[in-house]
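Engineer: Here is a sequence together with a model predicted from it:
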2 protein chains.
Amino acid sequence: MRRDIFQAIADPTRRAIIALIALQAMTPNAIADNFNTTRQAVSKHLRILTECELIKQEQQGREIYYSLAIDRMKEVDIWLDQFRKIWEIQFHQLDDVLSTIRQQKNEK
Amino acid sequence: MRRDIFQAIADPTRRAIIALIALQAMTPNAIADNFNTTRQAVSKHLRILTECELIKQEQQGREIYYSLAIDRMKEVDIWLDQFRKIWEIQFHQLDDVLSTIRQQKNEK
DNA sequence: AGTTTGCGAAACCGAATGGTTGCGCATATA
DNA sequence: TATATGCGCAACCATTCGGTTTCGCAAACT
């Protein structure tokens, strides 16, 4: 059972859930109301998101409020960084810098 | 057959391939040499990456060079943007701004 | 011309995925 | 106390996934 953030955000419903609870905590039923799906299906997604520590939960009576652990999203941001560098290089047409990066990579 | 960039980067081998061909075009065999996998397996990954237009190919004799269509990576960057805003808000403790965003969302 | 090499495509397989249904438990409400 | 509600969990199911093996084709060597 592979469980990393990239696999977590691969599913469109899960991305929607993440966006939904990013701003405020919500219960499974409240989340399910926003999509064309059941609470149980949402519950399974929440479990996956919990397993990769992408969300937090807070019990309140018999209700459980889920919210986003937004810091974990930075992992994706960090991963993207390597490509952002290349965008900049291409944008500025710095072909010599590009070959320097290639060289550094080969030296590793 | 769902085929979007998020599903494409969900697989760790595919992420590695993407990083590998980001700087220079490579053939399937050359790519496979970098991992503990076969050319055929790489070929399947390349097909998936092609289907979501994340890579380009250029035939050269009997060899096919694959390279990254880096612009497509920006989609992930754009998606991340909504969370980056929240990072900044939390960092600056701008709780009033946060509730404004919530309000704007509710008005939509 | 004959052989080797690089490749995609198809068939197949076990494992994982996303969903449903049904259950039991705890908390609320009457 | 009896009933309704919110929830996680397990069982089940069809589909997809990632990989291997095999094949056929085209380009490159000998």
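Structural biologist: Happy to help now that I have it.

Engineer: Give me the angle between the biggest helix by length in chain A and helix B:74-91.
Structural biologist: Using DSSP state H to define each element, chain A has its longest helix at helix A:74-91. Here helix A:74-91 runs at an angle of 120 degrees relative to helix B:74-91 (axes from the mean of the first three to the mean of the last three C-alpha atoms, to 10 degrees).

Engineer: buried set for helix A:74-91?
Structural biologist: For helix A:74-91, the buried set under the neighbour-count rule, 16 or more other C-beta atoms under 10 Å in any protein chain shown, comprises A:76, A:79-80, A:83, A:86, A:89. Bear in mind the C-beta positions are built from the backbone N, C-alpha and C, glycine included.

Engineer: Of these, just say which sits nearest to residue B:43.
Structural biologist: Nearest to residue B:43, judged by C-beta to C-beta, of the buried residues of helix A:74-91 is residue A:83 at 23.1 Å.

Engineer: Quick one: name the residues of chain A near DNA strand D.
Structural biologist: Applying C-beta under 7 Å from any atom of the strand, we find that chain A lies next to DNA strand D at A:27-30, A:39-40, A:43, A:46-47, A:57, A:62-64.

Engineer: I'd like those residues as JSON lines, with pLDDT, distance to residue B:18 and secondary structure appended.
Structural biologist: JSON lines is the format used below for the residues of chain A next to DNA strand D (pLDDT from 0 to 100; distance: C-beta to C-beta, whole Å; DSSP: H, G, I helix; E, B strand; the rest coil):
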{"residue": "A:27", "pLDDT": "98", "distance to residue B:18": "37", "secondary structure": "coil"}
{"residue": "A:28", "pLDDT": "97", "distance to residue B:18": "34", "secondary structure": "helix"}
{"residue": "A:29", "pLDDT": "97", "distance to residue B:18": "38", "secondary structure": "helix"}
{"residue": "A:30", "pLDDT": "97", "distance to residue B:18": "36", "secondary structure": "helix"}
{"residue": "A:39", "pLDDT": "96", "distance to residue B:18": "36", "secondary structure": "helix"}
{"residue": "A:40", "pLDDT": "96", "distance to residue B:18": "35", "secondary structure": "helix"}
{"residue": "A:43", "pLDDT": "97", "distance to residue B:18": "32", "secondary structure": "helix"}
{"residue": "A:46", "pLDDT": "97", "distance to residue B:18": "29", "secondary structure": "helix"}
{"residue": "A:47", "pLDDT": "97", "distance to residue B:18": "28", "secondary structure": "helix"}
{"residue": "A:57", "pLDDT": "97", "distance to residue B:18": "33", "secondary structure": "strand"}
{"residue": "A:62", "pLDDT": "96", "distance to residue B:18": "45", "secondary structure": "coil"}
{"residue": "A:63", "pLDDT": "97", "distance to residue B:18": "41", "secondary structure": "strand"}
{"residue": "A:64", "pLDDT": "98", "distance to residue B:18": "37", "secondary structure": "strand"}
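
Engineer: Okay then, goodbye and thanks.
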